[in-house]
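Participant: can't give you the sequence, but here's the structure:
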Ligand SMILES: [Zn+2]
C-alpha cells in the first residue's frame, strides 16, 4: 500500500527554475507517452504510463484522482479520529461524540459478541405485524430512524417555490442499484443478480433461517423487488425535471392510494402538510396495488430482508462480510477496507460537520479561500464574455443568462455556520445504538425544515469530501475543502495547472447552471423558463448533439456511454473546459508564451485537464459507473470535450486523420 501511495505522485515533482528567473518553483509534467500522438488519444498520451505503473489497492475499486482521492481523505480523518478518541474529552462535546463514535465502531470484539442482538427487537416487531396498517406503522417508525424501506420521504425545496421546503416521496424498495439490474440478461448483470441473491440468503441464514427456508425467502423477496422495479423510472427518465415533480393534495393522495393510508403514515412521522410532491407516482400506484395482492406474510419476509440488509454493515463480522461479498461483485474491490478506514467514512457520514471542523482546522489554509474566490470570479467573467459572443442566442435570452450567472452563490471550503449534533447520544460501547441515534437525529433535523423557509447557508457535503456540486434550487456552486488540493488546486502551481485543474471544475459547476436540467431553473432556483421559445429549441438541439457524440464512445466490451444519462455532465465538461481556458487566457501566464519544461502555457493547461480525471479502476467498477453514474468515465471526460475545443487543436497541432480530429463544423459549442 505504501508503494501505491508513492506511485500515485511519482509523475509530479518540483523543479527549480533556471538561475536568474523569478524565484518560483514549477511543477514539471513528466511521464508523457511519446509513442502516442496527442491528437489520437490525448488522455492516454498524458496518462498511459501512469496507468501502466499504478496499482489499485486491494481494499479499493480504483485509484487516482476525483472520488478515489477520498481514500486518502479517509486516512487523514482516521488520523484525527485516532487521536481524538484517545483524548479525555468533556461529555457532550463534539470531540467526545466523534471520538466515542469512532472508538465504539473500532471495538469489533464487542460488536462481534453482540451478533445480531441489536436488531432482534426490530425483527420481533416485524413478526408481530398482523395487518397492512401495522406494517405501515412499522415503516413510519423506521422512517423516523432514517431506515428507508418501501417509502422514501424527504424534505427539500419546492421546485416551483424554491425558498420554501416541502415533503417529497421518491421511488425506492429495490435492493440493487437500479431497476435495470432486475431485467438485463447479460453475463455481467446475471453475476450481480446471483451475488445479490446470495447476499439475501446469507442474511436470512445469519438471522436464524435454515438453508432451505433462506433460499425460499430469497426468491420471494427478489420477486417482490422485481415487481416494484417494473414501476421504477429509468435513470434517464429521472433526469426529467418536470416529469419527476407532482404536487398533490394529501387528501387526494389518500384517496388515490387508499391501501397505503398516507394520512396515518404522515401522522406517525409527525409530518404536518396539506400537499406534497409525489416524485414518481407510478411507483406508489404499484405499491398501493401490491399491498393488496401480495400476502401480508410475504411482506413480512420482505421487510425482514430490508431491515437486516440496511443494518448489516453495523452488525458483527459475518453480516459485514456478507454485505462486502455482494459489494465485491458490484465494484471489484478485492478485500474489505480496514476497520479504521470504514469507521472514518461512517463518522464522516453521521457526524460529518463535527469532524469537518477538526479537518478544516488542520488541512485547509484560509488563504486558499481568497485564491479560490478570485478564480471563481474570473471564470464568471469569462463565462459572461462567452455568452455575449454566442451566435445562436438572442440578446434577450443572453441578458437573462447573465443575470442568472451573476446571481450564483459561491461556497468555498466549509460552511459559515456549523450544524450541531446536540440530540445525538454517543456511548463508547454501543456502536449500533450510536448509529441509530445519529440517523434518528438526521431525520428530525430534516423534518424540522418541513414547510419552513429554505436555509440557504446549508451545505450538502462534508468539508473533507473530494467533490464539488451545483445546487439548482439555490443557484449555488459549492467547493468543499476536500477538492482544494492537488491535482486540482495548488497555491504553488502556475496558473496553467490551476485553471486546467480547479478552474475546469469551477467551469463545470458553473455550466451545470445552464445544462439540460439547470437551464430550466431561473436565477432564484425555481423551475421557470427564462428563454425565448426559439432559443430553447436551439439549446435542446445542441444538447442532442452532445448525446449523439457521447453515445458513440465504447467503454468496455460492447458497452457504450449512455449519452442521455450523461448529457448534463458532458455539457458541463465541454463548456467548463472552454470557460476555464478563456479565464486562463486573461492571466499573465495565459497571455505569455514562455515555456516551462519545454511546454507552452496552453499545453500545460491541457495536461492539467487530462491529469485531474485520471483514474484507474476495476472493470466491475467501470461497468457499474457506466450503468449508473451521470458522469462519463475518465478518458471521455477529457477526450470528449477536447475534440470540440479549437484551442486544443492549436496547442497540439491536431491534424485531419488523427483519431480525435473533428471537422470544424462538427465541433459542438454550447456555452
Ligand atoms: Zn457535474
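Facilitator: Arrived safely. This is a predicted model, so every value here is computed, not measured. Residues are numbered from 1 along each chain as shown.

Participant: pull up the distance across stretch 621-635, start to finish.
Facilitator: Using C-alpha to C-alpha, to the nearest Å, one end of stretch 621-635 lies 15 Å from the other.

Participant: cool, and stretch 621-634?
Facilitator: So stretch 621-634: terminal residues 12 Å apart, C-alpha to C-alpha.

Participant: so which bits of the stretch 551-671 of the chain are right by the ion?
Facilitator: 569, 572 (C-beta under 5 Å from the ion). Bear in mind the C-beta positions are built from the backbone N, C-alpha and C, glycine included.

Participant: all helices of the stretch 551-671 of the chain, in order?
Facilitator: Ranges of helices within the stretch 551-671 of the chain are 563-585, 588-591, 601-612, 619-628, 634-642, 646-652, based on DSSP state H, counting those that start in this stretch.

Participant: got a list of what the residue positioned nearest the centre of the chain touches?
Facilitator: The centroid of the chain falls nearest to residue 467 when counting by C-alpha atoms, centre = their mean (7.7 Å). Residue 467 makes contact with 67, 461, 480, 482-483 under the criterion C-beta atoms under 8 Å, 6 or more residues apart in numbering.

Participant: pull the most distant pair out of the residues you listed.
Facilitator: Greatest spacing in those, by C-beta to C-beta: 67 and 480 (12.9 Å).

Participant: now for the two: what residues contact both?
Facilitator: 466-467.

Participant: okay, those two: which has more neighbours?
Facilitator: Taking other C-beta atoms under 10 Å, residue 67 and residue 480 do not tie; residue 480 has more neighbours (26 against 17).

Participant: bridged to the more buried one, which residues?
Facilitator: residue 413 (DSSP bridges).

Participant: and the gap between it and residue 530?
Facilitator: 29 Å (C-beta to C-beta, to the nearest Å).

Participant: and if you look at residue 342?
Facilitator: 46 Å.

Participant: again, but for residue 643
Facilitator: Noted for residue 643: a distance of 31 Å to residue 530, by C-beta to C-beta.

Participant: what do you get for residue 502?
Facilitator: 29 Å.

Participant: so for the two, which sits in the more crowded spot?
Facilitator: Remark: of residue 502 and residue 530, residue 502 carries more neighbours, 30 against 19, as counted by other C-beta under 10 Å.

Participant: so who does that one touch?
Facilitator: Per C-beta under 8 Å, 6+ apart, neighbours of residue 502: 372, 375, 479, 483-484, 488-489.

Participant: from those, which land in strands?
Facilitator: residue 479 (DSSP state E).

Participant: ok, so of the contacts of residue 502, who is nearest residue 193?
Facilitator: residue 483 (35.5 Å).

Participant: neighbours around that closest one, how many?
Facilitator: When neighbours are defined as other C-beta under 10 Å, residue 483 has 23 of them.

Participant: per-residue pLDDT, it?
Facilitator: The per-residue pLDDT reported for residue 483 equals 96.

Participant: ok, now residue 12?
Facilitator: 32.

Participant: same check, this time on residue 331
Facilitator: 96.

Participant: without its sequence neighbours, what residue ends up closest to it?
Facilitator: residue 61 (4.0 Å; C-beta to C-beta, 6 or more residues apart in numbering).

Participant: so which residues on the protein come close to the ion?
Facilitator: So the chain meets the ion at 569, 572 (C-beta under 5 Å from the ion).

Participant: domain parsing for the chain?
Facilitator: Domain ranges of the chain: 116-314, 364-419+458-666, per automatic domain parsing.

Participant: comparing these, which comes out most buried?
Facilitator: domain 364-419+458-666 (a mean of 19; mean count of other C-beta atoms under 10 Å).

Participant: just the terminal-to-terminal distance for that one.
Facilitator: 43 Å.

Participant: same deal with stretch 242-260?
Facilitator: End-to-end distance for stretch 242-260: 25 Å, by C-alpha to C-alpha.

Participant: make a markdown table out of the domains of the chain and add distance to residue 352.
Facilitator: Formatted as a markdown table, those follow (distance: least, C-beta to C-beta, whole Å):
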| stretch | distance to residue 352 |
| --- | --- |
| domain 116-314 | 14 |
| domain 364-419+458-666 | 3 |
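
Participant: show me the contacts for whatever residue of the stretch 251-400 of the chain ends up closest to the ion.
Facilitator: Across the stretch 251-400 of the chain, the shortest distance to the ion (C-beta to the ion) belongs to residue 379, at 14.7 Å. Contacts for residue 379 (C-beta under 8 Å, 6+ apart) come out as 503, 506-507, 510, 579-580, 583.

Participant: low-confidence ranges in this structure?
Facilitator: For the chain, the stretches flagged by pLDDT under 70 are 1-25.

Participant: which residues touch the longest strand anywhere in the chain?
Facilitator: The longest strand of the chain (DSSP E) is strand 161-170. For strand 161-170, the external contacting residues (C-beta under 8 Å, 6+ apart) are 151-158, 247, 266, 271, 273, 275-280, 284, 449-454, 473-474, 521, 524-526.

Participant: so the closest residue in space to residue 436 that isn't next to it in sequence is in which element?
Facilitator: Distances taken as C-beta to C-beta, 6+ apart put residue 145 closest to residue 436, at 5.7 Å, once the chain neighbours are dropped. Following DSSP states H and E, one finds residue 145 outside all helices and strands.

Participant: now do the contacts for residue 145.
Facilitator: 436, 439-440, 443.

Participant: again, but for residue 188
Facilitator: Taking C-beta under 8 Å, 6+ apart, we find residue 188 in contact with 620, 623.

Participant: switch the cut-off to 10 Å
Facilitator: Listed by C-beta atoms under 10 Å, 6 or more residues apart in numbering, the contact partners of residue 188 are 329, 556-557, 559, 619-620, 623-624, 627.

Participant: same question for residue 484.
Facilitator: Contacts of residue 484 (C-beta under 10 Å, 6+ apart): 363-365, 368-369, 371-372, 412-413, 463, 466, 468, 490-491, 502, 505.

Participant: among those residues, name the ones in helices.
Facilitator: Among the contacts of residue 484, the members found in helices (DSSP state H) are 363, 368-369, 371-372, 502, 505.

Participant: state the distance from the residue nearest to residue 193 when sequence neighbours are not counted to residue 94.
Facilitator: What sits nearest to residue 193 in space, not counting adjacent residues and going by C-beta to C-beta, 6+ apart, is residue 181, at 6.8 Å. With distances taken as C-beta to C-beta, residue 181 is found 40 Å from residue 94.

Participant: for the residue nearest to the centre of the chain, give its distance to residue 48.
Facilitator: 26 Å.

Participant: also residue 92?
Facilitator: Counting by C-beta to C-beta, the separation of residue 92 from residue 48 is 53 Å.

Participant: who has more neighbours, those two?
Facilitator: Shown here are residue 92 and residue 48; by other C-beta under 10 Å, residue 48 has more neighbours (17 against 13).

Participant: so who does the more buried one touch?
Facilitator: With contacts defined as C-beta under 10 Å, 6+ apart, residue 48 is in contact with 31-33, 35-36, 41, 614.

Participant: please, which helix or strand holds it?
Facilitator: Assigned by DSSP H and E, residue 48 falls in helix 42-53.

Participant: how about that helix: buried residues?
Facilitator: By 16 or more other C-beta atoms under 10 Å, the buried positions in helix 42-53 come out as 42-50.

Participant: before we move on, what about stretch 28-46?
Facilitator: 28-29, 31-33, 36-39, 41-46.

Participant: kindly indicate which of these lies nearest residue 303.
Facilitator: Nearest member of these to residue 303, counting by C-beta to C-beta, is residue 43, at 46.7 Å.

Participant: gap between the closest one and residue 566?
Facilitator: Counting by C-beta to C-beta, the gap from residue 43 to residue 566 is 16 Å.

Participant: surely residue 87 touches residue 96?
Facilitator: Yes: using C-beta atoms under 10 Å, residue 87 is in contact with residue 96, at 9.1 Å.

Participant: more neighbours, those two?
Facilitator: A direct count of neighbours by other C-beta under 10 Å for residue 87 and residue 96 places residue 96 higher, at 18 against 9.
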